[in-house]
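# turn this into a model:
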Amino acid sequence: MNYEQYLSDRVLNLKPSGIRRFFDLAAQMDDILSLSVGEPDFDTPLPIIQAGIRSLEKGETHYTANAGRIKLREALAIHLEKLHHVQYKPEGEIFLTVGGSEGLYITAAALLNPGDEIIIPTPCFVSYQGVSILADAKIVEVATTMENNFDLDPKEIEKAITPKTKAILLGFPSNPTGAVASREMLLEVARLAEEHDLIVISDEMYDQIIYDGEHVCFSTLPNMWERTILLGGFSKDFAMTGWRIGYACGPKPLIEKMLFIHQYIIMCVNTTAQDAAIEALQTGQEYVYEMVEEYKRRRDYIFKRLTDMGLPMVKPSGAFYAFPNISHTGLTSMEFCEQFLKEEKVAIVPGDAFGEAGKGFVRICYANSMENITEAMNRLERFMQKFN
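Numbers count the residues shown, from 1 in each chain. As a prediction, the model looks like this:
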């Protein structure tokens, strides 16, 4: 039976995630070191876990408002104003999503019509292309480069703008490069958005995992609040990936329509996670600082090891990924990762899983113990000897 005839073109055009492919391959092998999936190796801080337990013990097992608990939205508004000096009203301008992933999907579904063009600087998080395909939009990739520290190139973005362009999707700090976009380049993108009447979707999931420089919240730039959908979450900053809780913020006319989609496909974020997230915002900041300090120590170590091996890379300024260039080995990104997995039992991700601009690179996640990172680097150094 030909089941493809029953599937939509949107689904048939989707490609499997390159991240999950290597995660799944590693799961089938024994004694694998996996530096493939971007997930904090820290457990959720204990006070946050305890808040979730208390919520269950009190019988908080029912639906909340579609947008999420008002107490959480109020805490989030305070948090964003304190962290980024940006103001969103708890009513009408903020709602809670099932992780950042739902926020991405809902934003694409609410904004994009079939045939609309969306500009995506790459390398980028794998879901950006996926949600755009599901919205029947045309993806226009604009490459960032190692020579430019994977910062934005406004000139290239401007070349990509056409009368069909509706939105620009930014993700900084970047997964997979670890880049933090400069204020100078973001201001230029803001100018283009205003000049060409575009919406900017700003995914700032790693907004507190910063080591060097300044992370600029896009909606704080002049005249950009009204043009920005700000997406974020608790997964990375507070080590709450499994709780699946994120948020979307923006102008009320856009957020209200996005919330309609959320009502139909989700109803509301799970109540236990919402109560835990309130605790995270109220008492969890000290744990964020501790985790970021440890990530920085790992970043410094892995950067030195990789560059000493002759693998050129940009030192990550945020997130928890290294993105070295392996093109001098003569292998494609896929071949490099497959051989490394087979010979040394370490799982990393091909760079081109994150867009065409990732060809010749690999992504290594250092959200792992120093013991595992050290062993993985020792195995990589041994693997690289045949190329050096």
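# only C-alpha atoms from now on, for both contacts and neighbour counts.
Fine.
# contact partners of the helix or strand containing residue 52?
Assigning secondary structure by DSSP states H and E places residue 52 in helix 46-57. Residues from elsewhere that reach helix 46-57, judged by C-alpha atoms under 8 Å, 6 or more residues apart in numbering: 61, 272-273, 275-277, 279-280, 283-284.
# can you give me how far it is from the chain middle?
Average the C-alpha atoms of helix 46-57, do the same for its chain, and the two points are 26 Å apart (C-alpha atoms, centre = their mean, to the nearest Å).
# which of the residues in it are buried?
48-49, 51-53, 55 (16 or more other C-alpha atoms under 10 Å).
# just send these back as TSV, with pLDDT too.
As requested, the buried residues of helix 46-57 are arranged in TSV below (pLDDT from 0 to 100):
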residue	pLDDT
48	98
49	98
51	98
52	98
53	98
55	98
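# how many neighbours does residue 269 have?
Residues lying near residue 269 (other C-alpha atoms under 10 Å) number 26.
# from what I see, it and residue 97 are in contact.
Yes: in this structure, residue 269 sits in contact with residue 97. The criterion is C-alpha atoms under 8 Å, and the distance is 6.0 Å.
# who touches both of these two?
Applying C-alpha under 8 Å, 6+ apart, one finds that residue 269 and residue 97 are jointly contacted by residue 245.
# ramachandran angles for residue 166?
Recorded main-chain torsions at residue 166 are phi -120, psi -30, according to degrees, to the nearest 10.
# ugh, wrong one, I meant residue 63
phi -60, psi 150.
# tell me the pLDDT of it.
According to the per-residue confidence, residue 63 scores 97 in pLDDT.
# compute the distance between it and residue 112, please.
Using C-alpha to C-alpha, to the nearest Å, we find residue 63 at a distance of 29 Å from residue 112.
# just checking, which helix or strand of the protein averages the lowest pLDDT?
Lowest mean confidence among the helices and strands of the chain (mean pLDDT, DSSP states H and E): helix 18-27, at a mean of 70.
# what about the strands in this protein?
Residue ranges of the strands in the chain, as given by DSSP state E, are 33-34, 94-97, 117-122, 138-143, 165-171, 199-203, 228-233, 246-249, 321-322, 346-347, 349-350, 362-365.
# who does the first one touch, helix- and strand-wise?
So that's strand 33-34. Using 3 or more C-alpha pairs under 8 Å, 6 or more residues apart in numbering; DSSP states H and E as the contact definition, the elements that strand 33-34 packs against are helix 18-27, strand 346-347.
# what of the fourth one?
If you count contacts as 3+ C-alpha pairs under 8 Å, 6+ apart, strand 138-143 packs onto strand 117-122, helix 127-134, helix 154-160.
# try 7 Å
Using 3 or more C-alpha pairs under 7 Å, 6 or more residues apart in numbering; DSSP states H and E as the contact criterion, the secondary-structure elements in contact with strand 138-143 are strand 117-122.
# can you check the fifth one too?
With contacts taken as 3+ C-alpha pairs under 7 Å, 6+ apart, strand 165-171 sits against strand 117-122, strand 199-203.
# of all the ones you listed, which one is nearest residue 247?
Nearest of the helices and strands packed on strand 165-171 to residue 247, taken as C-alpha to C-alpha: strand 199-203 at 10.3 Å.
# the closest one to helix 127-134, inter-axis angle?
Angular relation of strand 199-203 and helix 127-134 on a 0 to 180 degree scale: 140 degrees, by axes from the mean of the first three to the mean of the last three C-alpha atoms, to 10 degrees.
# average model confidence for strand 199-203?
In this model, strand 199-203 has an average pLDDT of 98.
# so residue 36 sits against residue 351, correct?
No: with contact defined as C-alpha atoms under 7 Å, residue 36 and residue 351 do not form a contacting pair (11.3 Å).
# residue 282 and residue 331: what is the separation?
According to C-alpha to C-alpha, residue 282 stands 48 Å off from residue 331.
# whoops, residue 8 was the one
35 Å.
# and residue 3, how many neighbours?
Under the criterion other C-alpha under 10 Å, the count of neighbours that residue 3 has is 6.
# and if you look at residue 220?
The local packing of residue 220 (other C-alpha under 10 Å) involves 14 other residues.
# what sits against it?
Taking C-alpha atoms under 7 Å, 6 or more residues apart in numbering as the criterion, residue 220 is in contact with residue 86.
# and it, what pLDDT?
In the prediction, the pLDDT value recorded for residue 220 is 98.
# so it versus residue 187, what's the distance?
The spacing between residue 220 and residue 187, counted by C-alpha to C-alpha, is 10 Å.
# just residue 55 next, same as before
On the measure of C-alpha to C-alpha, residue 55 and residue 187 end up 43 Å apart.
# and the nearest residue to residue 36 once chain neighbours are set aside, how many residues sit next to it?
Setting aside the residues directly before and after it, residue 36 is nearest to residue 348 in space (C-alpha to C-alpha, 6 or more residues apart in numbering), at 4.5 Å. Counted with other C-alpha under 10 Å, the burial measure for residue 348 works out to 26 neighbours.
# what's the answer for the one 10 residues further on, then?
Residue 358: 25 surrounding residues under other C-alpha under 10 Å.
# check the gap between it and residue 145 for me.
Noted for residue 358: a distance of 9 Å to residue 145, by C-alpha to C-alpha.
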